[in-house]
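Trainee: Sequence and computational prediction follow.
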Amino acid sequence: MEWLQSLNRAIDYMEENLTENITCDDVAEHICLSSFHFQRTFSMLTGLSVGEYIRNRRLSLAGHELLTGNEKVIDIAFKYGYETPESFSKAFSRFHGVTPHEAKKQGTILKSFNRLMLKIILEGGNSMDYRIVKKDAFQVVTKTKYFTEESSASEVPKFWGEYYQAGLDDKVCGMMGICAQAKKNAKEWKYGIGCEKKFVEEVPEEFEILEIPSYTWAIFTCVGAMPLAIQNMWKRVYGEWLPASNYELISDYDIEFYTEGDNSKDDYISEIWIPVKEK
């Protein structure tokens, strides 16, 4: 449960600094977690990016202050990190459905976005098949592209479609999806499609070689049609397995492994590999 406590400490830190210029890196550093894994964990459990949570909380509080207080719109805009009244008004209207000036009128209906508190709710019955495997270092040949946490759920499947449409699978089998942790202060992370180098006779020009270090891997079996099956398993790994296990993540690569067969079928099998170490 230390893992869950750390995430709630991160939420506490965000709440205490909503009027400050904080970033995801600042929050992750506060709880001694890599920015990449903090952001991914947060979005897996809440359905929101860290930026969306902070923005929604600020706009919710700004609306309350405009409705109940006497401060000027420009002062509220600057208080919650907006550089101009225009940018604040645009964001405020998109969130609340009314302008900041309209929000000052009594009887105006505003949206409320409350503080999060993460909890684990144990619901029995559903098992998770996984194994712990020690692997030596290996190389993978991949076609890579950069994504943000906010766009990845829809854009990564599109990337796979582009890979096959371009006939790249004939050059390098799309056996693996490799996610490389984002560097500090980077808003994007790298995702590659490919396979182990030992299966590739000649590396195509548009591909690159990634060196995957020797790790102990937690490998989870997913059964079901893509991409929903593997996306749901990611949520379960972060929401169920990690909080209760005796392992913690190593901040580096993680891998999606795809078997042969029709990935639109309900019995299609894929895997998630995450590098771990014992707590």
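Mentor: It's in.

Trainee: can you tell me how far residue 262 sits from residue 233?
Mentor: 18 Å (CB to CB, to the nearest Å). From N, CA and C alone the C-beta is placed, and that goes for glycine too.

Trainee: Comparing the two, which shows the higher neighbour count?
Mentor: residue 233 (23 against 10; other CB atoms under 10 Å).

Trainee: Contacts only, for the residue positioned nearest the centre of the chain.
Mentor: Central residue of the chain (CA atoms, centre = their mean): residue 40, 2.8 Å from the mean position. Applying CB atoms under 8 Å, 6 or more residues apart in numbering, we find residue 40 in contact with 149, 238.

Trainee: let's see it at 7 Å
Mentor: Contact analysis of residue 40 by CB atoms under 7 Å, 6 or more residues apart in numbering lists residue 149.

Trainee: Now do whatever helix or strand it lives in, average pLDDT.
Mentor: For residue 40, the element it lies in under DSSP states H and E is helix 35-46. Confidence over helix 35-46 (mean pLDDT, whole number) is 86.

Trainee: Next secondary structure after that helix?
Mentor: By DSSP H and E, the next helix or strand past helix 35-46 is helix 50-68.

Trainee: How far away from the center of its chain is that following helix?
Mentor: Mean-position distance between helix 50-68 and its chain equals 22 Å (CA atoms, centre = their mean, to the nearest Å).

Trainee: Please export the C-alpha coordinates of that helix as CSV.
Mentor: Taking C-alpha atoms only, helix 50-68 is exported to CSV below (Å, rounded to 0.1, in the frame of the first residue of the first chain):
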residue,chain,number,x,y,z
VAL,A,50,-1.8,15.1,-14.6
GLY,A,51,-2.1,18.3,-16.6
GLU,A,52,-5.9,17.7,-17.0
TYR,A,53,-6.3,17.1,-13.3
ILE,A,54,-4.5,20.3,-12.3
ARG,A,55,-6.3,22.4,-15.0
ASN,A,56,-9.7,21.1,-14.0
ARG,A,57,-9.1,21.7,-10.3
ARG,A,58,-7.9,25.3,-11.0
LEU,A,59,-10.9,26.1,-13.2
SER,A,60,-13.3,24.6,-10.7
LEU,A,61,-11.8,26.7,-7.8
ALA,A,62,-11.7,29.8,-10.1
GLY,A,63,-15.4,29.5,-10.8
HIS,A,64,-16.2,29.2,-7.1
GLU,A,65,-14.2,32.3,-6.3
LEU,A,66,-15.8,34.3,-9.1
LEU,A,67,-19.3,33.3,-8.0
THR,A,68,-18.8,34.0,-4.3
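
Trainee: Tell me, domain by domain, which residues of this protein belong where.
Mentor: Segmentation of the chain into domains, based on automatic domain parsing, reads 2-103, 130-278.

Trainee: Off-centre distance for the shortest one?
Mentor: So that's domain 2-103. Counting by CA atoms, centre = their mean, domain 2-103 comes out at 17 Å from the chain centroid.

Trainee: What is the end-to-end distance of it?
Mentor: 41 Å (CA to CA, to the nearest Å).

Trainee: sorry, back to before: going by neighbour count, list what's buried in the helix holding residue 40.
Mentor: Burial within helix 35-46, assessed by neighbour count using 16 or more other CB atoms under 10 Å, is assigned to 35, 36, 37, 38, 39, 40, 41, 42, 43, 44, 45.

Trainee: likewise stretch 132-141?
Mentor: Quick answer for stretch 132-141 (16+ other CB under 10 Å): 140, 141.

Trainee: where does residue 134 fall, helix, sheet strand or coil?
Mentor: Following DSSP: H, G, I helix; E, B strand; the rest coil, residue 134 is assigned to strand.

Trainee: Return the distance of the residue lying closest to it once chain neighbours are set aside relative to residue 90.
Mentor: Using CB to CB, 6 or more residues apart in numbering and skipping the chain neighbours, the partner closest in space to residue 134 is residue 216 (5.1 Å). Distance, residue 216 to residue 90, by CB to CB: 48 Å.

Trainee: Kindly confirm my reading that residue 155 is in a helix.
Mentor: Yes: counting by three-state DSSP, residue 155 is found in a helix.

Trainee: Report the contact partners of it.
Mentor: So residue 155 contacts residue 147 (CB under 7 Å, 6+ apart).

Trainee: And the helices in the stretch 151-279 of the chain?
Mentor: Assigned by DSSP state H, counting those that start in this stretch, the helices in the stretch 151-279 of the chain fall at 152-165, 228-236, 242-244.
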